[in-house]
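Peer 1: my questions are about this predicted structure, shown below with the sequence.
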Protein chains: 2
Amino acid sequence: MFSKSCEYAIRAAIYISAESSKEKKAGIADICDHIEAPRHFTAKILQILTRNKIVSSQKGVNGGFYLTKEQNTKPLSDIVSATDGNVLFNGCGLGLKECSEEEPCPLHEKFGVIRAEIKRMMEESSIESMAKKLKKGNGFLRAEVF
Amino acid sequence: MFSKSCEYAIRAAIYISAESSKEKKAGIADICDHIEAPRHFTAKILQILTRNKIVSSQKGVNGGFYLTKEQNTKPLSDIVSATDGNVLFNGCGLGLKECSEEEPCPLHEKFGVIRAEIKRMMEESSIESMAKKLKKGNGFLRAEVF
DNA sequence: ATAATAAAAGACAATTGTGTCTTTTATTAA
DNA sequence: TTAATAAAAGACACAATTGTCTTTTATTAT
Ligand code: FES
Ligand code: FES
């Protein structure tokens, strides 16, 4: 469904939202520990998110990643678009060059419904709403080890 | 959503269903022309489908690919499982090692609904029902060139 | 039997996605 | 002003996916 980059990006953003603020920023090592993701690869992905103004970052001592109030309200669909583009939201399910009513693939009708639902799900899920589940203890970003 | 292999596999299977029979088999070159897919790569993918008894093949003169009556009724989900496995049908949307109620990701609830709908769509779409659209002229497997 | 045919199989090549390591740049505490 | 810090950036390395080409095997018409 989503690429690894996108999965890490979403998990990282949610963690940052839940565990950091302008005052208490989260570092890349801390983030990767808590979402069980490869460090340098995730660092690159976070660069994409910062370039797209989905997360904020600060270099230097006491630096790290955090979200502004406005960024907290952003939908997960923004992260998907930034990392994977919009093929999932607009493209043909059977891989035709474009999805169109004029020359629809045999799955077009049914797939169009599903695709719209995926889009809606991601548009209606804000980063902060996901983080809220985390803080309430009924949301996880990695397997808990005991 | 689906891999290229899966997309080609579905398109090929639908074409074979629509355009061939035990008496008039479709050759790989013919198939690839009509679904706009790379020839040798698609040949490999069709080997996977024949090994999984989703399509039938015959070597030699007048050989080619075709579907038995029973194979025609198979759902597209069988093709997805054969080419991409079952991650799309069972896996976690955010890439956790497994999807579980005990340690759900923050998207688990919403994603579970969508995932079930994707599964249902593919299980309820038979190869022959897709081929029917093709034959009626309101289904395409490649961009028509003029 | 022989030749023609077409899928199966195997060996590679190119591309993309994923992951690692090192160097650079910006920031701030001391 | 200096040293420590942490993200940004760049250079690779590895793996998986996608795609191409050649050889082999099975089948059938002649
Ligand atoms: S043409 Fe395939 S989904 Fe619209
Ligand atoms: S745990 Fe992520 S979808 Fe179920």
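Peer 2: All right, it came through fine. Numbers count the residues shown, from 1 in each chain, chains lettered A, B, ... in the order given. Ligands and ions are numbered 1, 2, ... in the order given.
Peer 1: burial count for residue A:2?
Peer 2: The tally of other residues near residue A:2 (other Cβ atoms under 10 Å in any protein chain shown) stands at 20. Placement of C-beta: from N, CA and C, glycine included.
Peer 1: next one: stretch A:68-86, is it in contact with DNA strand D?
Peer 2: No. Judged by Cβ under 7 Å from any atom of the strand, stretch A:68-86 and DNA strand D are separated, with a smallest distance of 13.4 Å.
Peer 1: okay, buried residues for that stretch please.
Peer 2: Using 16 or more other Cβ atoms under 10 Å in any protein chain shown as the test for burial, stretch A:68-86 gives A:71-72, A:74-84.
Peer 1: show me what it is in contact with.
Peer 2: Stretch A:68-86 is contacted by residues A:2-3, A:5-6, A:9-10, A:13, A:17, A:22, A:45, A:48-49, A:52-56, A:88-89, A:119, A:122-128, A:130-131, B:107 when judged by Cβ atoms under 8 Å, 6 or more residues apart in numbering or on different chains.
Peer 1: how far away from the center of its chain is stretch A:31-41?
Peer 2: Between the centre of stretch A:31-41 and the centre of its host chain there is 14 Å, according to Cα atoms, centre = their mean, to the nearest Å.
Peer 1: and what of stretch A:79-87?
Peer 2: Relative to its chain's centre, stretch A:79-87 lies at 9 Å (Cα atoms, centre = their mean).
Peer 1: also stretch A:4-16?
Peer 2: 5 Å.
Peer 1: give the rounded mean pLDDT of it.
Peer 2: The predicted model gives stretch A:4-16 an average pLDDT of 98.
Peer 1: can that stretch be said to contact ligand 2?
Peer 2: No. Using Cβ under 6 Å from any ligand atom, stretch A:4-16 stays clear of ligand 2, coming no nearer than 9.8 Å.
Peer 1: what sits closest to residue A:17 if chain neighbours are left out?
Peer 2: Closest residue to residue A:17 apart from its sequence neighbours, by Cβ to Cβ, 6 or more residues apart in numbering or on different chains: residue A:131 at 3.8 Å.
Peer 1: again, but for residue A:122
Peer 2: That would be residue A:77: by Cβ to Cβ, 6+ apart, it lies 3.8 Å from residue A:122.
Peer 1: thinking again about what came up before, elements contacting the helix or strand in which the residue nearest to residue A:17 is found?
Peer 2: Assigned by DSSP states H and E, residue A:131 belongs to helix A:127-136. Packed against helix A:127-136 by the contact rule (3 or more Cβ pairs under 8 Å, 6 or more residues apart in numbering or on different chains; DSSP states H and E) you find helix A:4-19, helix A:69-72, helix A:76-84.
Peer 1: repeat that for 6 Å
Peer 2: helix A:4-19 (3 or more Cβ pairs under 6 Å, 6 or more residues apart in numbering or on different chains; DSSP states H and E).
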